[in-house]
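> One predicted model, sequence on top.
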Amino acid sequence: MPELPEVETVRRGLFRLVVGKQIESVRTIDSPKSFPNDLASVEQFMIGATITDVRRRAKVLLIDLSTEYTLVIHLKMTGQLVFIGHQPKPSETASRRASVEYASADTRAADVSSDVADDLPELRFGAGHPNDSLIGELPDRSTRVEITFSDKSHLFFNDQRKFGWIKLFPTLEVPNIDFMQRVGPEPLEDSFTSTEFIPRIRRRQNTTIKAAILDQTVLAGVGNIYADESLWGAKIHPATRVRDVTDEQLALLLKEIKYVMNLSIEKGGSTDRNYVNAEGKRGSYIDFARVFRQEGQPCPRCGRVIEKTRVAGRGTHICPTCQVIQ
DNA sequence: CACTTGACCTGTCCGC
DNA sequence: TGCGGACAGGTCAAGT
């Protein structure tokens, strides 16, 4: 679900909200897959620890603790991190429902960047959870982990499909994790240019260009949304074989990947449904999507109706006029 | 090695 | 209204 822009948006929000907080307790529910560490190490290295940093690599979140341990978190398809802050009015403690401001991916960037957001005592952060638009108390049936801080605020890890996970590693070992070893460069780094991108993607000459940019070992962070969006931007049909794509097209494709991801971060990522937070703000990257989930709508460039098909085993959106297989 | 497909899960939506 | 099947933004482990 969450791709790089969504994870980055969550990172920014969490950084602002949880750095400096001290962990008081950790509760796991249905944990074998969602949080496979044994309870003893969790107790030893989490309880009493203070959060020192929130980082991101590819689609993985890294929450550093003062114990020199790090929570490594992959949200996969339906994972969600929800922060519920301390209720400032002691009288309203009957229900958390009443104390929560809901900020979806639609509005998160605005919340992070606006001065108003600093005045909000509570925020909910998540990404892509199908229940984003449902107001409910937490924990709910998708909650896998609940972290309670010493100020009684909470961080919930919800994950409907249980694909996501949290794992606790010594901070120094994080770079040695298999995923970290294999994952490709960060596409938004200024230093990542077509000089590096082109040879990396050409390792996958025989597959489709969409499969190639979804390959996390080629470059980090592209998922189905931004694959379709960037390919449309570069006027490349997703099913085109890499060998049939010119270097000029690849250079343009990288430019489009950077563009759509930066735009999405600016918009606070995407969610799969409309959502309005407590301030009535909305507007997400999905509102700016040119092809993703736009089947039946006119192509913003040429007016031809956008079609949905299947490439690399994934739902794929194209403009049949702008994007032709080479 | 490169590439494709199915599996992991739960929930929702769509057609009958 | 119920039921079966397809599908969902990600990655792995298998298979060819």
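Thanks, I have the structure now. Numbering: from 1, shown residues only, chains lettered A, B, ... in the order given.
> residue ranges for the helices of the stretch 101-250 of chain A, please.
Applying DSSP state H, counting those that start in this stretch to the stretch 101-250 of chain A gives helices spanning A:105-113, A:178-182, A:194-201, A:209-214, A:224-233, A:247-267.
> With distance to A:Leu188 and mean pLDDT as added columns, please give the ones you listed in TSV.
Any C-beta I mention is one placed from the backbone N, CA and C, and that applies to glycine too. As requested, the helices of the stretch 101-250 of chain A are exported to TSV (distance: least, CB to CB, whole Å; pLDDT from 0 to 100):
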stretch	distance to A:Leu188	mean pLDDT
helix A:105-113	15	31
helix A:178-182	18	95
helix A:194-201	12	97
helix A:209-214	14	98
helix A:224-233	11	97
helix A:247-267	6	95
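> Nearest to DNA strand C among those helices would be which one?
Proximity to DNA strand C, assessed across the helices of the stretch 101-250 of chain A by CB to the nearest atom of the strand, is greatest for helix A:224-233 (2.6 Å).
> Look at A:Val42 and tell me its secondary structure.
Assigned by DSSP: H, G, I helix; E, B strand; the rest coil, the conformation of A:Val42 is helix.
> How about the residue of the stretch 51-200 of chain A found nearest DNA strand B, nearest residue that isn't a chain neighbour?
Evaluated by CB to the nearest atom of the strand, the stretch 51-200 of chain A has A:Arg161 as its residue closest to DNA strand B, separated by 3.2 Å. Once flanking residues are discounted, A:Arg161 sits nearest to A:Thr78: 4.6 Å by CB to CB, 6 or more residues apart in numbering.
> Counting neighbours, what do you get for that neighbour?
21 (other CB atoms under 10 Å).
> Do you know the pLDDT at it?
Looking at A:Thr78, its pLDDT stands at 92.
> Same check on A:Gln326?
As predicted, A:Gln326 sits at a pLDDT of 83.
> Can you report how many residues neighbour A:Ser270?
A:Ser270: 28 neighbours (other CB under 10 Å).
> Helix, strand, or coil at it?
Going by three-state DSSP: A:Ser270 is coil.
> Go ahead and confirm A:Lys33 touches A:Lys162.
Yes - the criterion here is CB atoms under 8 Å, and A:Lys33 meets it with A:Lys162 at 5.4 Å.
> Which one of the two is surrounded by more residues?
Ranked by neighbour count (other CB under 10 Å), A:Lys33 and A:Lys162 place A:Lys162 first, with 16 against 12.
> residues in contact with the more buried one?
A:Asp30, A:Lys33, A:Ser34, A:Arg144 (CB atoms under 8 Å, 6 or more residues apart in numbering).
> do A:Ala239 as well
A:Thr208, A:Ile209, A:Lys210, A:Val311, A:Thr316, A:Ile325.
> Just give the number of residues close to the third one.
Neighbourhood size, A:Lys210 [other CB under 10 Å]: 26.
> Which residue, other than its chain neighbours, is closest to it?
Nearest non-adjacent residue to A:Lys210, counting by CB to CB, 6+ apart: A:Pro238, 3.6 Å away.
> And for the one you found, the neighbour number?
Neighbours of A:Pro238 (other CB under 10 Å): 27.
> which residues in the stretch 101-250 of chain A form strands?
Taking DSSP state E, counting those that start in this stretch as the test, the strands found in the stretch 101-250 of chain A are A:143-149, A:154-159, A:165-170.
> Let's test this: mean pLDDT of the second one, rounded?
The predicted model gives strand A:154-159 an average pLDDT of 94.
> contacting residues around it?
Applying CB under 8 Å, 6+ apart, the external contacts of strand A:154-159 come out as A:14, A:18, A:34-35, A:73, A:75-76, A:78-84, A:126, A:129, A:131, A:138-140, A:142-149, A:164, A:166.
> Listing partners with orientation, what would you give for that strand?
Sheet pairing for strand A:154-159, assigned by DSSP bridges, gives strand A:79-84 (antiparallel), strand A:143-149 (antiparallel).
> Deepest-packed of the ones you listed, please.
strand A:79-84 (a mean of 26; mean count of other CB atoms under 10 Å).
> what about that one and DNA strand B, any contact?
No - Strand A:79-84 stays clear of DNA strand B (CB under 7 Å from any atom of the strand), getting no nearer than 11.6 Å.
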